[in-house]
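# What follows is a predicted protein model with its sequence.
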Amino acid sequence: MNVLHAWIEERLGLSAVTLFLEKKEVPRHKHTFLYYTGSSILLFLGIQIVTGVLLAFYYQPTLAGANASVVRIMTEMPLGWLVRSVHSWSSTFMIAIVFVHLLGIAFTKAYRKPREATWITGILLLAASLAFGFTGYLLPWDELSLAATKVGTNLPKALPVIGAWLTQVMRAGEDVTGDTLSRFFIVHVSVLPLAVLAFLGVHLFLVQRHGMSVPLEEERKGIKAPVLPFWPNFAFREAIVWLVLLGLLITIAIVAAPGIGPQADLMAPAPEGIKPEWYFLFMFQMLKLFPARVLGLNGELVAVLIMMAGMAALLLIPFIDNRPAERKGKIITGLAWAGLAYAVGMSIWSLL
Amino acid sequence: MNGRLRTVAAVGIFLLGSFVASGILEARVQETPQASLKPAAANMPGQEAPAAPRPARERMTVYVLLAWVWLSIAVLIGLLRLRVREADRIFRMGLNRAAEHSPKGPGH
């Protein structure tokens, strides 16, 4: 065993990593639970990669084969329905925890100097996660997924100059067809994973570079927060959280496995009750409620511009909120709470 | 390793081992779907594919698997809690810092 250890050590030099982990410290305060969210996201990302590869062995991204291959996975493959269910639920779990992670960072003002780049890579990872959800939703190629994708890809059309082009790039043509399906599949299984790996690499490097942030209110107390060594004290606690989440995921995947609707028909009218995934519900409801014309402008264009402004503000928040401890910072916190309440309210309204 | 830890570890290894063994036995009796060369049919309008298996045998297998998963998780959490307590005690006593400064032998 010692010989093997020495052989590996000589080639990889892993003791430097172990030493780093032993010296890494995790601050202890009332928001410490937020530190568990980052690694939980990684857990679900790993599960999605494994289950996604298993599904890709049998999935056929063609007009004739997509729906049939998903039916085959669910009915003929041993535990295929469970693999699909775990894949689908782990994406829901991951995005939910990404939101908790993001909100935790936002409300503890952990994006403040020098962690602006960490925040930006985090927002890019959020965008990639949402894109994973959007592209993955079409892949079963059932009535609902086709209709939701038509609505989603139609959104950029409202934008002047680049809108029509953007829709065409997303759809691989004028309308949602088999080419859109192939395009979404390629983006889902190769483009987005590569993008996520790149952003994640930078994000993790920056987290290690700057260490774990202490919430602003703790920092203002002026006393150094007590710490816990990352290895093994915090890592073992993280392992417990992972196990509980894993158990919950498997239980929900078994109890509430997603079904699949009838094969999409490109000529058929849109079915009733089209709804996107839960994390797009607030945007969907906002578009539904927006008047056709606002101050002489196209209502859809105004809605899209408001959403884009919201996204830009989210991305640039470390630079906007550059004095977090002062009055400006408090106003921004208030606005963030209002934005969150609006998104939650709209999502609930959409479900009613 | 104290006696309690050893007992929990033994129970954990037994449970995980039997879980893996039961999985292998189950896999042996399952038919390989590649044997059928007929293409699968897509869902027709008004038709929904079942979300979970309907045969009672497979349903039962899945619930047994779920019970094993939770049992294994409970055992592993028990083990991890012991390790957390031990690590916290070492940290409180400052022994982790002492170990860092102690001279290392030729084996390290």
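Great, that's in hand. Numbering: from 1, shown residues only, chains lettered A, B, ... in the order given.
# what residue ranges in chain A are flagged as low confidence?
A:1 (pLDDT under 70).
# just the strands in it please.
Taking DSSP state E as the criterion, chain A carries its strands at A:25-27, A:227-229, A:293-294, A:297-298.
# Now tabulate those in a markdown table and tack on distance to chain B and mean neighbour count.
Heads up, the C-betas are built off the backbone N, CA and C, glycines and all. Shown next, in a markdown table, are these (distance: least, Cβ to the nearest Cβ, whole Å; neighbours: other Cβ atoms under 10 Å in any protein chain shown):
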| stretch | distance to chain B | mean neighbour count |
| --- | --- | --- |
| strand A:25-27 | 11 | 18 |
| strand A:227-229 | 6 | 18 |
| strand A:293-294 | 37 | 12 |
| strand A:297-298 | 35 | 12 |
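# can you put those in CSV and add distance to A:I254?
Putting the strands of chain A into CSV (distance: least, Cβ to Cβ, whole Å) gives the following:
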stretch, distance to A:I254
strand A:25-27, 34
strand A:227-229, 35
strand A:293-294, 47
strand A:297-298, 46
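# Of the ones you listed, give the one that comes closest to A:N154.
Closest to A:N154 of the strands of chain A is strand A:297-298 (Cβ to Cβ; 13.0 Å).
# what's that closest one in contact with?
Strand A:297-298 has contacts (Cβ atoms under 8 Å, 6 or more residues apart in numbering or on different chains) with A:158, A:292.
# gap between that strand and the chain center?
Chain-centre distance of strand A:297-298: 31 Å, with Cα atoms, centre = their mean, to the nearest Å.
# and it, which strands flank it?
Using DSSP bridges, strand A:297-298 pairs in its sheet with strand A:293-294 (antiparallel).
# of all of the stretch 1-150 of chain A, which residue lies closest to chain B?
A:R72 (3.5 Å; Cβ to the nearest Cβ).
# for stretch A:296-310, which positions count as buried?
For stretch A:296-310, a neighbour-count test (16 or more other Cβ atoms under 10 Å in any protein chain shown) marks A:299-304 as buried.
# thought A:V26 was touching A:T32?
Yes - taking contacts as Cβ atoms under 8 Å, A:V26 lies within contact range of A:T32: 7.2 Å.
# Under the pLDDT cut-off, which ranges of chain B? List them.
Using pLDDT under 70, chain B drops low at B:1-2, B:19-54, B:96-108.
# Longest helix in it, please.
Using DSSP state H, we find that the single longest helix of chain B is helix B:56-93.
# Okay, A:L206 and A:M212: tell me how far apart.
Note on A:L206: its distance to A:M212, by Cβ to Cβ, to the nearest Å, is 12 Å.
# quick one, phi/psi of A:L159?
With angles defined as degrees, to the nearest 10, A:L159 sits at phi -70, psi 140.
# Run a quick neighbour tally on A:R11.
Applying other Cβ atoms under 10 Å in any protein chain shown, we find 8 other residues in the vicinity of A:R11.
# which of the residues in the longest helix of chain B are buried?
Those would be B:58, B:61-62, B:65-66, B:68-69, B:72-73, B:75-80, B:82-84, B:87-88, B:90-91, for helix B:56-93 by 16+ other Cβ under 10 Å.
# contacting residues for the closest residue to B:D88 other than its chain neighbours?
Nearest non-adjacent residue to B:D88, counting by Cβ to Cβ, 6 or more residues apart in numbering or on different chains: A:N233, 6.1 Å away. Neighbour list for A:N233: A:26, B:84, B:87-88, B:91 [criterion: Cβ under 8 Å, 6+ apart].
# Swap in 7 Å and give it another go.
A:N233 makes contact with B:84, B:87-88, B:91 under the criterion Cβ atoms under 7 Å, 6 or more residues apart in numbering or on different chains.
# Repeat that for A:F99.
No contacts exist for A:F99 under Cβ under 7 Å, 6+ apart.
# likewise the one 4 residues further on?
Applying Cβ under 7 Å, 6+ apart, we find A:L103 in contact with A:L340.
# Same check on A:L159?
A:166, A:301, A:304.
# Keep only those of these that are in helices.
Applying DSSP H to the contacts of A:L159, the entries found in helices are A:166, A:301, A:304.
# what about the closest residue to the last one other than its chain neighbours, distance to A:T135?
To tie it back to what came earlier, the one meant is A:V304. Spatial nearest neighbour of A:V304, excluding adjacent residues (Cβ to Cβ, 6+ apart): A:A158 at 4.9 Å. Computed with Cβ to Cβ, the distance linking A:A158 and A:T135 is 21 Å.
# ditto for A:W141
On the measure of Cβ to Cβ, A:W141 and A:T135 end up 13 Å apart.
# And the two? Which one has more around it.
Relative neighbour count places A:W141 above the other of A:W141 and A:T135, with 28 against 23, counting by other Cβ under 10 Å.
# which residues does the more buried one contact?
Applying Cβ under 7 Å, 6+ apart, the residues near A:W141 are A:66-67, A:181, A:263-264.
# In CSV: these, plus distance to A:W119.
Listed next are the contacts of A:W141 as CSV, based on distance: Cβ to Cβ, whole Å:
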residue, distance to A:W119
A:A66, 37
A:N67, 40
A:L181, 35
A:Q263, 43
A:A264, 39
